[in-house]
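A.B. asks: sequence below, structure please.
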Amino acid sequence: MSGLWLQNLAFYCLQIAVVASAGALLVKVLRIRIAPARLLCWQGLMVLCLALPAIQPWLASKTSSNIQITIGPALSSDSGRGPHILAIPVAQIVLAIGIAGAIVRFGFLGLGFLRLRRYRHNATFVPGAFAALQQRLGVFADFRISTGVSGPVTFGLFRPTILLPQECLQDESIACHELIHVRRRDWLFTVIEECVLSLFWFHPALWWMIAEIQLAREEAVDREVVAILNARSRYLDSLLSLAASRAGLDLAPVSPFLRKRHLQRRIAALLKEVPMTKFQLNSSLAGFAAVLALAAWLGVRTFPLQAAPQENDSPNIVVHAGPIPLAHRAPVVYPKDAQDKGVVGTVVLELTLDNTGAVTDARVISGPEELRGAALHSVLEWHYARESQPPPHIEVSIDFNRTGQSGSGTLLAPPEELSRLDRVTIVAPDPMQKKLSAVLTLREGERITQRLLNEVVAAVRDVDEHLRVSIHPNDAKTGSIILVSLEGGAANGPPKRIRVGGNVQSANIVHKVNPIYPPEAKENHIQGLVRFTLIIGKDGTVQNITQVSSPDPLLTKAAQDAVQHWIYRPTLLNGDPVEVVTTVDVNFTLSQ
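C.D. replies: Here you go, the predicted structure:
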């Protein structure tokens, strides 16, 4: 299982790389140069990358159909003779490194919050600073002079604070820039981006993407400052003067007024604004969204994530669900009577699917009689994925194993007390018996070993894969018998009655009578859920109703009077109708 999540993590990282590369190419090809539009594109790109696991279909894990050979006690003493191979837990090491990196990154983020709190506490509040500008913009913040910062720093969501070095106190351009950040609530987005980087500290595409988001955000604010103050030259002077100082040092979780690596692009954007008509802008954004959706689809198709296999089955059961992935399925329960009797084997079934991938009928092809009912009970509630038009019929198999036995019902490890072969018994049609007699060259009194059994299994499977090999003590308890038999045998007909889930059976209702809300119950504000267990006859009519729970007898009678007239589509097993046991919920609410 650890290998599965490691594969999913690698594929998810590749999906992000594909989508991020497509987004970067689109921004250049479509010439989206207006900062607010570019910011929207980058933010949408990041949201799409983070949402990929939630919006894509996960493939169902397929269990390997290979026979697993278990080494019995007689051979376990030889296992230490070979060279010792050190197994390196790669998945655990990767997980530990990933968690450690995230903890360190979140630790630095926490220290950043503490530093901001300390700077704010030690800074000097400047009353009435830039009051006219705050009134003009309709946004208010605490301006403080701090000796701990070398450039403007803005943080806080409900009580925004702007820290300024002494030399910036008279610069209206810088104050306007920071107040616009407050108005846009950019600090909240900055904190979210820092958290994303802490979780995905190992992915360069997300670092690059968030750097582009931060640059586009600053360029968008630059445009607003110039439009509000109508002083492009003065604002450029402020940028250059701060670039000449020590301003721009990163202080998470805030975006500094100026990162020197962004200076050239921000100045170029201010000096040479590229206009775009509304039609060009809308067309570019629509094209960006469409092509990005296609890139995301290609990414998830090329590197699909895989869901963990369901583990609700009884122990020693292996499910081979066929050539198309399962969306969900009911667990397979190993019948206790069959386990007590030592019944093992493979039940092979042919399933009939509708156009949604749901199983509508099932027919047993082969398998032990004692195991067929459990297999049928499960497969009738299977639902296959709707990636493409499902075939009308598929063949599946379910292996019921006991410890030391394979999915075909073949005993692989001989018990220690069975050491000598008394005889070989073959139960199969005459033509098959002749083939088996020719390939099984066993001698009476021969010692039974693991190697001998493996050779027998291989020879028998070459004749027919539905043959099973088992080993049993003889009556005298002095030796053992190897039995070769054909699975299944003559069918005794399908089970007379099966249990089907209420949600599944409700889809088969062809005539439904709605219950009448008793007036007395309404007057007394009685409401709630009435649950019945039904036995549905082979003809689809309700044969028996048993109350499971009810809030009041009035509601019970009203629900029963309606349900007893329901008619269902007959349920078929192996083409024959059977009785069904199911549950029905009738919910009475006063809104009715």
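A.B. asks: partners of the longest strand seen in the chain in the sheet?
C.D. replies: Longest strand of the chain, by residue count under DSSP state E: strand 576-588. Each strand paired with strand 576-588, and its direction, by DSSP bridges: strand 497-499 (parallel), strand 528-536 (antiparallel), strand 571-573 (antiparallel).
A.B. asks: what pLDDT, on average, does the first one get?
C.D. replies: Right, the one you point to is strand 497-499. In this model, strand 497-499 has an average pLDDT of 70.
A.B. asks: what of the second one?
C.D. replies: Regarding strand 528-536, the rounded mean pLDDT is 90.
A.B. asks: if we go by neighbour counts, what in that strand is buried?
C.D. replies: Buried residues in strand 528-536, counted by 16 or more other CB atoms under 10 Å: 530-532, 534, 536. (Each C-beta comes from the backbone N, C-alpha and C, glycine too.)
A.B. asks: returning to that earlier point: how about the strands paired with strand 576-588 in CSV, adding distance to residue 121?
C.D. replies: As requested, the strands paired with strand 576-588 are exported to CSV (distance: least, CB to CB, whole Å):
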stretch, distance to residue 121
strand 497-499, 67
strand 528-536, 57
strand 571-573, 73
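A.B. asks: closest one to residue 170 among these?
C.D. replies: Proximity to residue 170 (CB to CB) singles out strand 528-536 among the strands paired with strand 576-588, at 70.7 Å.
A.B. asks: now do whichever helix or strand comes after the closest one, average pLDDT.
C.D. replies: Counting by DSSP states H and E, the next helix or strand C-terminal to strand 528-536 is strand 542-549. For strand 542-549, mean pLDDT rounds to 88.
A.B. asks: can you list the strands that strand 542-549 pairs with?
C.D. replies: strand 528-536 (antiparallel).
A.B. asks: neighbouring contacts of the partner strand?
C.D. replies: With contacts defined as CB atoms under 8 Å, 6 or more residues apart in numbering, strand 528-536 is touched by 497, 505, 542-552, 555-556, 559-560, 563, 568, 571, 579-588.
A.B. asks: one more: stretch 131-150?
C.D. replies: 115, 118-120, 122-126, 129-130, 153-154, 156, 159-166, 169, 172, 175-176, 178-180, 182-183, 228, 245-249, 251.
A.B. asks: 7 Å - rerun?
C.D. replies: 119-120, 122-126, 129-130, 160-166, 169, 172, 175-176, 179, 182-183, 245-247, 249 (CB atoms under 7 Å, 6 or more residues apart in numbering).
A.B. asks: gap between the two ends of that stretch?
C.D. replies: The straight-line separation of the ends of stretch 131-150 (CA to CA, to the nearest Å) is 23 Å.
A.B. asks: what residues sit buried inside it?
C.D. replies: So, applying 16+ other CB under 10 Å, buried residues of stretch 131-150: 134, 137, 141-146, 149-150.
A.B. asks: those in strands, which ones?
C.D. replies: Filtering the buried residues of stretch 131-150 for strands - DSSP E - leaves 142-145.
A.B. asks: now render those as JSON lines, adding pLDDT and distance to residue 264.
C.D. replies: What follows is these, written out as JSON lines (pLDDT from 0 to 100; distance: CB to CB, whole Å):
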{"residue": "142", "pLDDT": "93", "distance to residue 264": "33"}
{"residue": "143", "pLDDT": "93", "distance to residue 264": "29"}
{"residue": "144", "pLDDT": "93", "distance to residue 264": "31"}
{"residue": "145", "pLDDT": "93", "distance to residue 264": "30"}
